[in-house]
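A.B. asks: Need a 3D model of the sequence below.
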Amino acid sequence: MKKIILFVILLIPILKIDALESYVVMDTKSSRILSSKNMDEKMLIASTTKIMTSLVALENASTTDVLCAGKEVLSVYGSMIYLDIGECMTLYDLLVGLNLRSGNDAAMVIATETIGYDNFIKEMNILANKLGMTSTNFKNPHGLDNETENISTAHDLALLMRYATTNKTFMEITKLKKYMLTSNIEAHIWYNKNELLRSYKFLTGGKIGYTEKAGYMFVSSATKAGENLIVVTMKEKDRFNTHKKLYEEYFKEYDSYKILNKKTFNVKSEYYKSYHLYINEDVEVMLKKDERDKIKIDIDIIKKKKVKDKEVIGKAIVYVDNKYVTEANIFIISKHQKEHSLKSKLFFWKK
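C.D. replies: Here you go, the predicted model:
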């Protein structure tokens, strides 16, 4: 009897980057764009709006502030945490509901009851401008687009998420998988809609979004072996698998290198002979192995007749393969002041 052997071929879906409508992979530390497509194309952003809503709230109010829902909750629909009028929670609780359940009612309460709705929207756009989000405009705190529309790009959203990763409270909230609380009216149990938190251990947070007009949105961050990436996809339905595959690919292809060390940085200036020039932070950039010899650093010093200690007097600009990547401010301090500071530290250590 002949044996018939059947070979079963498993069709594993392969990520086709060219098929993505708009995306960005960004090195968090340097903001270098490692890969992108249509990253400056303006689109509706749905509930990824709530990253900005969270940051403006955290920068303008205390997480222990108690906010009570008013009639503003009646003006929204879609994803909700189902607040009753008169229901009260801390700002922290509302931010959890905003991020885990994408509560549009939570967004309205936060914006209305912290600094006032109109001021809140104004602050969202002020912060966007501060972060260099030049193609972004916020009209509401939730991302619904039936009456007003929030517009941004994949690049701008990556810049926003980069800033968000510096806020410990936001990052603590956005990676929660489950949260329970009891308000003055009822108990709530919320589970995070970000499914990637349960399937990719290196994910540190993010925000999903969807409306019929905007499509499927996802902004996320991940850390692996001390390296940090941000991924943004717009109008991508298979968003969780796509983000995971992009992280796996770019963590594998790139490594983080310290380009400038704040402890050893030294620039001698004939113009500022009696001063010491320094940077106050290391500069790290993710590179492919064959890019290590393509680094170029330009030192741009501004000549001033009068300077103050710790004043910015220039920039150290980093290029990879003649393309701008990042920069660091160069500060100035008198050599006498530096020596005095060093002696003070040595005296302290001696004691």
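
A.B. asks: Which of the three states applies to I110?
C.D. replies: Of the three states, I110 takes helix under DSSP: H, G, I helix; E, B strand; the rest coil.

A.B. asks: Oops, could you answer that again for K201 instead?
C.D. replies: Of the three states, K201 takes coil according to three-state DSSP.

A.B. asks: measure stretch 172-179 end to end?
C.D. replies: The stretch stretch 172-179 measures 12 Å between its terminal residues, going by Cα to Cα, to the nearest Å.

A.B. asks: Pull the distance from the host helix or strand of E327 to the chain's centre.
C.D. replies: Using DSSP states H and E, E327 sits within strand 323-334. Chain-centre distance of strand 323-334: 22 Å, with Cα atoms, centre = their mean, to the nearest Å.

A.B. asks: what do you get for stretch 140-150?
C.D. replies: On Cα atoms, centre = their mean, the centre of stretch 140-150 falls 21 Å from the chain's centre.

A.B. asks: Mind giving me the packing neighbours of the strand holding E327?
C.D. replies: The helices and strands touching strand 323-334, judged by 3 or more Cβ pairs under 8 Å, 6 or more residues apart in numbering; DSSP states H and E, are strand 275-278, strand 283-287, strand 311-320. The C-beta positions use only the backbone N, C-alpha and C, and glycine is treated the same way.

A.B. asks: How is D145 assigned, secondary-structure-wise?
C.D. replies: Following three-state DSSP, the label given to D145 is coil.

A.B. asks: And for it, the neighbour number?
C.D. replies: D145 is flanked by 19 other residues according to other Cβ atoms under 10 Å.

A.B. asks: Verify the contact between it and G215 for me.
C.D. replies: No. Checked against Cβ atoms under 8 Å, the pair D145 and G215 is beyond contact range at 11.0 Å.

A.B. asks: Now for the two: what residues contact both?
C.D. replies: A46 (Cβ atoms under 8 Å, 6 or more residues apart in numbering).

A.B. asks: where along the stretch 201-350 of the chain do the helices fall?
C.D. replies: Secondary structure of the stretch 201-350 of the chain (DSSP state H, counting those that start in this stretch): helices at 239-253, 335-350.

A.B. asks: domains in this protein, as residue ranges please.
C.D. replies: 20-253, 258-350 (automatic domain parsing).

A.B. asks: Rebuild these as TSV, extending it with mean pLDDT.
C.D. replies: Formatted as TSV, these follow (pLDDT from 0 to 100):
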stretch	mean pLDDT
domain 20-253	98
domain 258-350	86
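
A.B. asks: one step back: wait, which of the helices and strands packed on strand 323-334 is closest to D65?
C.D. replies: When the helices and strands packed on strand 323-334 are compared by Cβ to Cβ, strand 311-320 sits nearest D65, at 35.3 Å.

A.B. asks: which residues are in contact with that closest one?
C.D. replies: With Cβ under 8 Å, 6+ apart as the test, strand 311-320 has contacts from 30, 32, 259-260, 265, 267, 272, 277, 279, 283, 285, 287, 291, 294-302, 304, 307, 324-332.

A.B. asks: And that strand, what's buried?
C.D. replies: Neighbour-count burial for strand 311-320, with 16 or more other Cβ atoms under 10 Å as criterion, is recorded at I313, G314, K315, A316, V318, V320.

A.B. asks: what lines up beside it in the sheet?
C.D. replies: In the sheet, strand 311-320 lines up against strand 295-301 (antiparallel), strand 323-334 (antiparallel) (DSSP bridges).
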